[in-house]
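Colleague: with the sequence up front, the predicted model follows.
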Amino acid sequence: MSFSDPSAIILIVGAIAILLFLIHGLWFSGRPINKKINTNDAKEMEFQNLGKVRIVTVDKPTDDFELQKVEEELDIKANNNTSVDDIDNTTQYKEEPWQQSYEINLVAPLNMPFKGEDIEAICDEFCILRGDMDIFYVYENPQTRKDEVFRICSLEKPFSFPKDMTAYTTTALALYMNLPEKGKGFAYFKSIRVAANIFLDKLGGELQDNYHNRITEEQLDKMANDLRLYDES
């Protein structure tokens, strides 16, 4: 076969092509391939790694109390969506719903003051006893005068009642009690409420608070419920 033979030329060209292909493969097999990342690929990688780049490790505080404080602050911030600067201001102190004293005032109609004889008659009927400072007292046990429930006085100076009630008049009475021991609050307030309504029915007038506002049944119910909570606390 001579080089002028077409078939021989084709065989030679094919062999050269195969040789060049092998050389090219051997040359690039040991070199890294530089792939150009387009803009979309870069954004996707950034999104996928966003959480990873924000994860940092910190040294654990040596003081366990400080660690607990940090965790509580983070919980407050997460739950309330408040800034760390406002965390110290988030603590609220719940006030107790009950009062240290309770008072119901009975105010006479205009120009129609309560008569002393009528007041004394009601007190005698319901075992409301005159005591120290010449005011009236209600006790759990009237015979022994122990366990004071509430007091009744006049709202006009000198706030006490005269020995002789014949010519005495007053424009207002106050029925009041101090907060008793737990377990007695609701019962004591029920007694003062019943007494206030007895005086109201027999003498007329209006039940008011210390600010001269009319006391409603709803307000009295609220006071009673607060004292029930006090008893159960």
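Modeller: Everything's here; your move. Only a predicted model underlies this, so the values are computations on that prediction, with no experimental measurement involved.

Colleague: C-alpha from now on. contacts and neighbour counts both.
Modeller: OK.

Colleague: which residues in the protein form strands?
Modeller: Counting by DSSP state E, the chain has strands at residues 101-107, 114-115, 129-130, 136-141, 146-154, 169-170, 172-178, 206-208.

Colleague: average pLDDT for stretch 148-158?
Modeller: Regarding stretch 148-158, the rounded mean pLDDT is 96.

Colleague: what about the closest residue to residue 101 other than its chain neighbours, distance to residue 202?
Modeller: With C-alpha to C-alpha, 6 or more residues apart in numbering as the measure, residue 178 is the residue that lies nearest to residue 101, at 4.3 Å, once sequence neighbours are left out. From residue 178 over to residue 202 the distance is 25 Å, taken as C-alpha to C-alpha, to the nearest Å.

Colleague: try residue 147
Modeller: To residue 202, residue 147 is 27 Å away according to C-alpha to C-alpha.

Colleague: again, but for residue 118
Modeller: 8 Å.

Colleague: the two: which has the busier surroundings?
Modeller: residue 118 (17 against 11; other C-alpha atoms under 10 Å).

Colleague: per-residue confidence at the more buried one?
Modeller: Reading off the model, residue 118 has pLDDT 98.

Colleague: for residue 26, same thing?
Modeller: 51.

Colleague: what's around residue 208, how many residues?
Modeller: Neighbours of residue 208 under the rule other C-alpha under 10 Å: 18.

Colleague: against residue 117, how distant is it?
Modeller: For residue 208, the distance to residue 117 - C-alpha to C-alpha - is 23 Å.

Colleague: need the CA coordinates for stretch 184-203. PDB is fine.
Modeller: In PDB, the C-alpha atoms belonging to stretch 184-203 read as follows (Å, rounded to 0.1, in the frame of the first residue of the first chain):
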ATOM      1  CA  LYS A 184     -63.000  35.700 107.100                       C
ATOM      2  CA  GLY A 185     -62.900  38.400 104.500                       C
ATOM      3  CA  PHE A 186     -65.900  37.400 102.400                       C
ATOM      4  CA  ALA A 187     -68.100  36.600 105.500                       C
ATOM      5  CA  TYR A 188     -67.200  39.900 107.200                       C
ATOM      6  CA  PHE A 189     -68.000  41.900 104.100                       C
ATOM      7  CA  LYS A 190     -71.300  40.100 103.600                       C
ATOM      8  CA  SER A 191     -72.200  41.200 107.200                       C
ATOM      9  CA  ILE A 192     -71.300  44.800 106.500                       C
ATOM     10  CA  ARG A 193     -73.200  44.700 103.200                       C
ATOM     11  CA  VAL A 194     -76.300  43.300 104.900                       C
ATOM     12  CA  ALA A 195     -76.100  45.900 107.700                       C
ATOM     13  CA  ALA A 196     -75.800  48.700 105.200                       C
ATOM     14  CA  ASN A 197     -78.900  47.600 103.400                       C
ATOM     15  CA  ILE A 198     -80.800  47.300 106.600                       C
ATOM     16  CA  PHE A 199     -80.000  50.900 107.500                       C
ATOM     17  CA  LEU A 200     -80.800  51.900 103.900                       C
ATOM     18  CA  ASP A 201     -84.300  50.200 104.100                       C
ATOM     19  CA  LYS A 202     -85.200  51.700 107.500                       C
ATOM     20  CA  LEU A 203     -83.700  55.200 107.100                       C
END
